[in-house]
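Asks: Sequence first, then the predicted structure, then my questions.
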Amino acid sequence: MTFTQLRILLAVARTGNMTRAAEELNTTQSAVSHALRGLESELGLSLLVRGSHGVSLTSAGRAVHRRATLILTQLEALEQEVAAARGADTGSLRVGVIPSANARLLPRILRLYGESHPRVRLTVIEGSDGEVLDWLRTGAADVGTLTAGAVPADVAGLVTRPLATDRMLAVLPSGHALAEHASVPVAELARHPFIMSTGGCEPLITALARAAGASLRCHYRVRDTGSILAMVAEGLGVTVVPELSLPAHHPGVHAVPLEPASERTILLALPADPLPAATAFAELAGLLGTS
C-alpha cells in the first residue's frame, strides 16, 4: 500500500470519475485504474463500484477512505511542519469554496496567497455549502468558505470565523416594472415566475419568503449563476442572488435591494487542528475579507 494509491482513491471518490481524477492528479486513467486494482488486490476487498454513471465507494471503500483521509492529512501536516522548521514554505492546500464566494471574493485572496507562498500547491474545489462542509469533515479540503446558517450547531472539530457580509438582491429583467424601484419586497417577487438557485442559497431564499409570508412560484431550478442571469435577461422569471455572485457586468438584468434589507454572512472554516498552510491562508483571508 502506498501514499499514491491512497491519494488516487480519495481523488476518485471526490470526483466520482476515473478520468477527472486522473486529470486532477496529472496522470493517466490507466495509471489510476492500475493503482486502484493493486490496492484492492492487496487489501482483498472491492473498494469501488464501477458503473455507467461513474464510480462510487463500497461500504468497505468508505471505511478505507476515512482512514486514508486521516493518514494523508497527518502526512501533509508532518511535511509542512518539517518544511517550516527548515525555514521552507512548501506543501499543498485544498480550498473548498461556495460558488458565490469563488466568483468575486476568493480570487484576490488566492492570488495574494500564491504570491506570498509560491511553493505551496493550491487546489480549489467548488461546491455547495453541504459539499464544502463534507469535504472539511472528511479532510478532502483543508480550509473552506461556508454560508452562516449552513453549519450545524453540533458540528465538532470545525472552527469558523466571519469573512464577509453580502447583500441579497432581487434580480429582474431590465425592462421589468419592479426594476425601477429602490427596493423590492419578497412578497412582490412571489407574484412572478421565480428562478431558484440550487447552488447553495436556496435555504436562505426560502427562509426570506417564509418570513414574508410568501410562497415563491419556482418555475425553474438552476445551479449555475450565469445560467440564471441569462434566463432572467430573457424574461423567463425573477430571482434572488447574493451580491458577490453577480459578475461586474450583467447585461439584460437589473439588481435591486430587497425590502426589508437582507444580508448573509460568509464564514471561513478550518478543522480544529489545521495545516500550517491553512492557518496562513486564513490569516491572509481575514486581512482581506470585506464586510
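Replies: Structure received.
Asks: quick one: secondary structure of L122?
Replies: Reduced to three states with DSSP: H, G, I helix; E, B strand; the rest coil, the structure at L122 is strand.
Asks: Spatially, and excluding backbone neighbours, which residue is closest to it.
Replies: Of all residues beyond its chain neighbours, the one nearest L122 is L93 (5.5 Å), with distances taken as C-beta to C-beta, 6 or more residues apart in numbering. (C-beta placed from N, C-alpha, C; glycine too.)
Asks: What is the burial count for the one you found?
Replies: Applying other C-beta atoms under 10 Å, we find 24 residues neighbouring L93.
Asks: That one: what's it in contact with?
Replies: Applying C-beta atoms under 8 Å, 6 or more residues apart in numbering, we find L93 in contact with 120-123, 142-143, 275, 277-278, 281.
Asks: which residue ranges form the strands in this structure?
Replies: For the chain, strands defined by DSSP state E occupy the ranges 48-51, 54-57, 91-97, 120-126, 143-147, 158-173, 184-185, 193-197, 217-222, 239-242, 253-259, 263-271.
Asks: where are the low-confidence patches of the stretch 51-200 of the chain?
Replies: Confidence mapping of the stretch 51-200 of the chain against pLDDT under 70 gives the ranges 80, 83-90, 153-155.
Asks: Just the buried positions in the lengthiest helix in the chain, please.
Replies: The longest helix of the chain (DSSP state H) is helix 59-85. Buried residues in helix 59-85, counted by 16 or more other C-beta atoms under 10 Å: 61, 64-65, 68-69, 72-73, 76-77, 80, 83.
Asks: which residues sit in contact with T225?
Replies: Taking C-beta under 8 Å, 6+ apart, we find T225 in contact with 99-100, 103, 197, 199, 241, 245-246.
Asks: got it, and P242?
Replies: The neighbourhood of P242, defined by C-beta under 8 Å, 6+ apart, consists of 100, 166-169, 201, 264.
Asks: for those residues, which one is nearest S128?
Replies: If you rank the contacts of P242 by distance to S128 using C-beta to C-beta, C201 comes first, at 9.4 Å.
Asks: Would you agree that closest one is in contact with L244?
Replies: No: the criterion here is C-beta atoms under 8 Å, and C201 misses it with L244 at 10.8 Å.
Asks: If you count surrounding residues, which of these two has more?
Replies: C201 (26 against 21).
Asks: what's the distance between that one and V151?
Replies: Distance, C201 to V151, using C-beta to C-beta, to the nearest Å: 15 Å.
Asks: ditto for G200
Replies: For G200, the distance to V151 (C-beta to C-beta) stands at 13 Å.
Asks: Look at those two and report which has more neighbours.
Replies: Legend: neighbour count by other C-beta under 10 Å for G200 and V151, higher for G200 (23 against 17).
Asks: which ones are touching the more buried one?
Replies: Counting by C-beta under 8 Å, 6+ apart, G200 makes contact with 98-100, 128-130, 147, 150.
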